[in-house]
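[1] one predicted model, sequence on top.
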Amino acid sequence: MNHLIAIARYGLSAMVLVALLAATGCFEQPGSLLDLRTSPSGARIELDGVYQGDSPIKLKVVPGQHLVMATRDGFLETRGNVNVQPTGTTRFDMSLRPLFGLVLAESFPTGSEVLVDGMTRGKTPVLMTDLPAGQHRLLIKKEGYESKETLLNIQAETDRQPKLISLELRSLLVAIKITSAPDKAKVYLAKADEKGKGSEIGESPQSIQNILAGKYRVRVEFDGYEPYEQEVEVAGKEEYRVHATLQEKYARIKIDTDPPGGEVFLNEEARGKTPVALGPLHEGDYTIRIVKPNYPETVRKVTLKKGEDLQLTIPLERRVGVLQVITIPAGVDVFVDGEKRGTTVSVPSVQYSTPLVISDVLAGQRIVKLIKPGFAEISVPVEIIVNKVIPLTNIQLRRLYIPDTAIATKDGRTLRGLISRVENDGTVHFETAPGIFVDIPPDDIVSKKPITPAGK
């Protein structure tokens, strides 16, 4: 070989020549095999300063001491001495230590939670000394503030000096100012999805400080007024304002009577028959008057408060008496306060009628009117007493002289007049002129014919 000739020409000794041959790989001794491995694998291997390849690797080397250096991105450079045996295979394992970056995370406000790749690493300010090289996702969060996230790149070669990450979190705490008309109303606050009124905050006007941004329900209550509710969505650092104009609660009355059907007047305004619901009504004093036929008028006074629901059941006392009427003649129509209540009935062989009994006559002063065609009309005032029978007997109506019958007799006469009565033997008691009566035996009567009154 040319380099051997050149060495020989310079007169080098045989020992030096052997060493040079071994270093250049031109001379190999059997059994000098080095099996070199690293954890993790894939490290760059240098043997005595000369690059040999990536681990794992097997090398034929001269027996004896050698310096091995392993390097890999993200890991500390690792060195080791190996004594290669003259026979067999020498195995040499090297463990590489990861190269960590140094990161100091701080925030405003302090005390914020730091998460790296989803794992909690403490609260700011926090120094992290064990972040492996590569890209990491860093999140800083704190209740009441908007979270912030950033990407963090750790370079193994340059990040042995602490890297500073400083983030300012935007406050999510807000304020809500609540006013109302009228004021001094109770104020409640609840989250939008929360059931019920929520927490009582105090009386209006009220300023609610340092609450988290989000959706809330504001409720305002005041006695005598309808409750007020409003949903608000608040964010940022603004102060939100809610003004509640409360609507007055109206009162209502439900009125019933026993028995039902009474006509209801509220402050003299007709409002229907019971049962009846009245409203909406303002607070104040009211007069209730109930009218029902055959029942005494009932009057009640009530005072209503705001929002009051009043229920009244008013018993109607049936204050009635009984009227008994006997008339002369029978067949008389009887009216009480203009309402027809019946007709008297005749009794055989007598002038007067059977008693006409009229029940359920309203107690008090009543006008009884008696009417029969051909007789003068009579009006009689009667005082009806509760649960008493008031007799009105032997009321005789004055007959009006209006001839309605013509009787022809055997002696050739024709008599015109009114039949007063007919006796049991058939004799007709006949009025031929006002107050002039004649008796006509049945054997003397040839015919009886009705006379149509003039104008009929």
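    Sure thing, it's come through.
[2] so residue 74 sits right up against residue 155, yeah?
    No: shown here, residue 74 and residue 155 do not form a contact pair, counting by Cβ atoms under 8 Å, at 9.6 Å. Where you see a C-beta, it was placed from the backbone N, CA and C, and this is true even at glycine.
[3] tell me which of those two has more neighbours.
    Comparing residue 74 with residue 155 by other Cβ atoms under 10 Å, the one with more neighbours is residue 74, at 17 against 14.
[4] state the phi and psi torsions of the closest residue to the more buried one other than its chain neighbours.
    Nearest in space to residue 74, with sequence neighbours left out and distances taken as Cβ to Cβ, 6 or more residues apart in numbering, is residue 133 at 3.9 Å. The phi and psi values for residue 133, taken as degrees, to the nearest 10, are phi -60, psi 150.
[5] on that earlier part again, give the intersection of the neighbour lists for residue 74 and residue 155.
    When contacts are counted by Cβ atoms under 8 Å, 6 or more residues apart in numbering, the set common to residue 74 and residue 155 consists of residue 133.
[6] I'd like the distance between residue 421 and residue 371.
    Relative to residue 371, residue 421 is positioned 21 Å away (criterion: Cβ to Cβ, to the nearest Å).
[7] so these two - more neighbours on which side?
    Set side by side, residue 421 and residue 371 show more neighbours around residue 371, with 16 against 13, by other Cβ under 10 Å.
[8] give me the beta-bridge partners of the closest residue to that one other than its chain neighbours?
    Of all residues beyond its chain neighbours, the one nearest residue 371 is residue 333 (4.8 Å), with distances taken as Cβ to Cβ, 6+ apart. When bridges are called by DSSP bridges, residue 333 pairs up with residue 343, residue 371.
[9] same check on residue 37?
    Those that pair with residue 37 in a beta bridge, by DSSP bridges, are residue 93.
[10] how many residues are close by it?
    When neighbours are counted by other Cβ under 10 Å, residue 37 registers 17.
[11] with the one 5 residues further on instead?
    Applying the criterion other Cβ under 10 Å, we find 12 residues in the vicinity of residue 42.
[12] pretty sure it sits in a helix.
    No: assessed with DSSP: H, G, I helix; E, B strand; the rest coil, residue 42 is coil; it does not lie in a helix.
[13] for residue 442, phi and psi?
    phi -60, psi -30.
[14] how about low-confidence regions in the protein?
    1-31, 156-160, 236-238, 453-456 (pLDDT under 70).
[15] quick revisit: mind listing what the residue nearest to residue 74 touches?
    When contacts are counted by Cβ under 8 Å, 6+ apart, residue 133 is found next to 73-74, 98-101, 154-156, 159.
[16] and the gap between it and residue 442?
    In this structure, residue 133 and residue 442 are separated by 151 Å, where distance is defined by Cβ to Cβ.
[17] do residue 36 as well
    Distance from residue 36 to residue 442, counting by Cβ to Cβ: 168 Å.
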